[in-house]
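*Asks:* Generate a structure from the sequence data that follows.
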Amino acid sequence: MSDASTNRRQFLRAAATVVAGTVVAPSRSRAAAGGSKFVVGVMGTGGRGYWLLDNDLVRRDNVDIAYLCDVDVSRLKAAAKLVENRTGKAPKTVTDFRKILDDKNVNVLFNATPDHWHALPTVWACQAGKDVYVEKPASHNIWEGRKMVEAARKYKRIVQLGTQTRSGPYTKDAVAFLRSGRIGRIHFVRVLNMKHRPPVKRLKDEPIPAGVDYEKWLGPAPMRPFNRNHYHYTWHWFWAYSGGDIINDGVHQIDAARYLIGRDYPEAVSCTGGKHAYDDAQETPDTQIVAWDYGDITMVFELTLWTPHMQKTPWDFRDTDGFPNWRFNATHIQLHGTKGCSSVGTGAGGRPSTRTMSRSPAAPVGTRIRRTSTTFSNAWNPASGPTPTSKKGIGPPCCATSATFPTASAAAGSRSTPRPNRSRTTGTPMPCSNARTASRGSCPRTYSRKRGVRETSVPGGACL
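*Replies:* Numbering: from 1, shown residues only. Predicted coordinates for the structure are as follows:
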């Protein structure tokens, strides 16, 4: 496909037709690369794309990174340098991903682009006989997402989505615990995504920087003058490209919560919120509540972007056996049942532990878990095709914990509170390691400091 003869209007017309499913590209068979490797092209070499290259793909002997694609030449060069330095082989660099699809030797397209660019490359890649890893969220809107599913089914391709928490063994442990009935019948679920992000400054339009193809970056989105708010990363907060932090980060917790309760589509959904705290350039809400009606279960999602007292679990704590201070943990799931309650953190340590809501104190029940990498690459064999595990998604970049606590003390009959996290060696509460937070004179987070072994993980490290 030559971009020299394709203007923006022709491209968008063809794109709309292809996503609607009325144009079929030539089917291509899965090609083995030397029988032991699979050949990949990576579309989008910025934050997420660079991360998956650096932390996963360049480390794998069974991966041949044949192509890199980006519309920002500076990012493209940086990623190409990384790949060459780490693998000893320079990948081909292109600014039009269709050149990757034209190469019959390519087996997989990794799509790490902004949300508005998720659907079209996925559909086209399926039509071209490629398997796909696409970053979360699946698509810019529901209609596009359904077309992606239809394309994967029609062309019998593997399409994996970057909601890695669902693939984690720790999540499966939490599901097994909840299915065992230890906290009874679950009727209420609370999903938190409460953080502190700075406001988005208002910026003026400016000339397109050298080495940037802004028309291609906009792609299916409306044409507009170049503005740095409508470009790298800040695009998350504008409707033309995304849906705000519920899509950027909350999608991880929402997907995990649905998996934990074993529910698919709700009977009804309601949403409220708006820009309450910030008078800034962003269009999407800084405060938002969504409620899903699952009949006998109500699930509520709560989002704030202006709450500095809520903190994500630090990276150096996520692979340990400690627990966060749940009250101030920014991204976690609360499940309330008829016999107890459970908190599950999508990036909050490595040991699920439970205490029931019985009148008598119960000893913690825990299973040590470590994150593992069930990745696209070790679940896919270029010679024989996908293994059954490949459809379960790409492995987790972070760990989870599950913890429940009693509501009453048997001895005093009074309200009890979760015990503080304790050092595994001294048994004493450990202070928060965040110097900025600690300097304010109070620390909303208490963590034990036993360190775990950080293992190589997989694409999608928008680790919560």
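
*Asks:* if you go through this structure in chain order, where are the helices?
*Replies:* Using DSSP state H, the helices of the chain run over 8-19, 47-55, 73-87, 98-102, 119-127, 142-154, 169-179, 214-218, 245-248, 250-261, 435-438.

*Asks:* Which of the ones you listed sits closest to Val200?
*Replies:* Distance to Val200, taken as Cβ to Cβ, is lowest for helix 245-248 among those, at 11.7 Å. Backbone N, C-alpha and C define where each C-beta goes, glycine included.

*Asks:* Which elements pack onto the closest one?
*Replies:* Helices and strands touching helix 245-248, by 3 or more Cβ pairs under 8 Å, 6 or more residues apart in numbering; DSSP states H and E, are strand 298-304.

*Asks:* what's the strand it packs on in contact with?
*Replies:* Identification of contacts with strand 298-304 by Cβ atoms under 8 Å, 6 or more residues apart in numbering yields 187-195, 244-246, 250, 253-254, 257-258, 261, 263, 266, 273, 277, 285-292, 310.

*Asks:* If we use 6 Å, what do you get?
*Replies:* Strand 298-304 is contacted from outside by 188-194, 245-246, 287-292, using Cβ atoms under 6 Å, 6 or more residues apart in numbering.

*Asks:* Which of those fall within strands?
*Replies:* Among the contacts of strand 298-304, the ones falling in strands (DSSP state E) are 188-194, 287-292.

*Asks:* which one of the residues you listed sits closest to Asp173?
*Replies:* Using Cβ to Cβ, Val189 comes nearest to Asp173 of the ones in strands among the contacts of strand 298-304, at 18.0 Å.

*Asks:* circling back: farthest pair in the ones in strands among the contacts of strand 298-304?
*Replies:* Phe188 and Thr287 (21.0 Å).

*Asks:* who's more crowded, these two?
*Replies:* Thr287 (18 against 13; other Cβ atoms under 10 Å).

*Asks:* Do I have it right that that one meets Thr272?
*Replies:* No. The pair Thr287 and Thr272 fails to qualify as a contact (Cβ atoms under 6 Å) at a distance of 9.0 Å.

*Asks:* So in terms of bridging, what pairs with Gly273?
*Replies:* Note on Gly273: beta-bridge partners by DSSP bridges are Gln288.

*Asks:* Now for it: which residues touch it?
*Replies:* Going by Cβ under 6 Å, 6+ apart, Gly273 touches 285, 287-289.

*Asks:* Flag the shaky bits of the stretch 251-400 of the chain, pLDDT-wise.
*Replies:* 346-400 (pLDDT under 70).

*Asks:* those strands in it, which residues are they?
*Replies:* Assigned by DSSP state E, counting those that start in this stretch, the strands in the stretch 251-400 of the chain fall at 268-274, 287-293, 298-304, 332-337, 341-345, 353-354, 365-366, 380-381, 385-386.

*Asks:* can you redo these as CSV with distance to Tyr155?
*Replies:* Output for those, formatted as CSV (distance: least, Cβ to Cβ, whole Å):
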stretch, distance to Tyr155
strand 268-274, 31
strand 287-293, 32
strand 298-304, 34
strand 332-337, 35
strand 341-345, 35
strand 353-354, 44
strand 365-366, 44
strand 380-381, 16
strand 385-386, 13
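
*Asks:* Looking at those strands, which one is packed in the most?
*Replies:* Most buried of the strands of the stretch 251-400 of the chain, by mean neighbour count (mean count of other Cβ atoms under 10 Å): strand 341-345, with a mean of 26.

*Asks:* hey, what's the residue nearest to Asn111 when sequence neighbours are not counted bridged with?
*Replies:* Excluding the flanking residues, the one nearest Asn111 by Cβ to Cβ, 6 or more residues apart in numbering is Val134, at 4.3 Å. For Val134, the beta-bridge partners are Asn111, Leu161 (DSSP bridges).

*Asks:* if I look at Val134, how far off is Ala128?
*Replies:* Distance, Val134 to Ala128, using Cβ to Cβ, to the nearest Å: 15 Å.

*Asks:* neighbour-wise, which of these two wins?
*Replies:* Neighbours per residue (other Cβ under 10 Å) separate Val134 from Ala128, with Val134 holding more: 26 against 23.

*Asks:* wait, doesn't that one sit right on Trp117?
*Replies:* No. Val134 is beyond contact range of Trp117, at 9.6 Å (criterion: Cβ under 6 Å).
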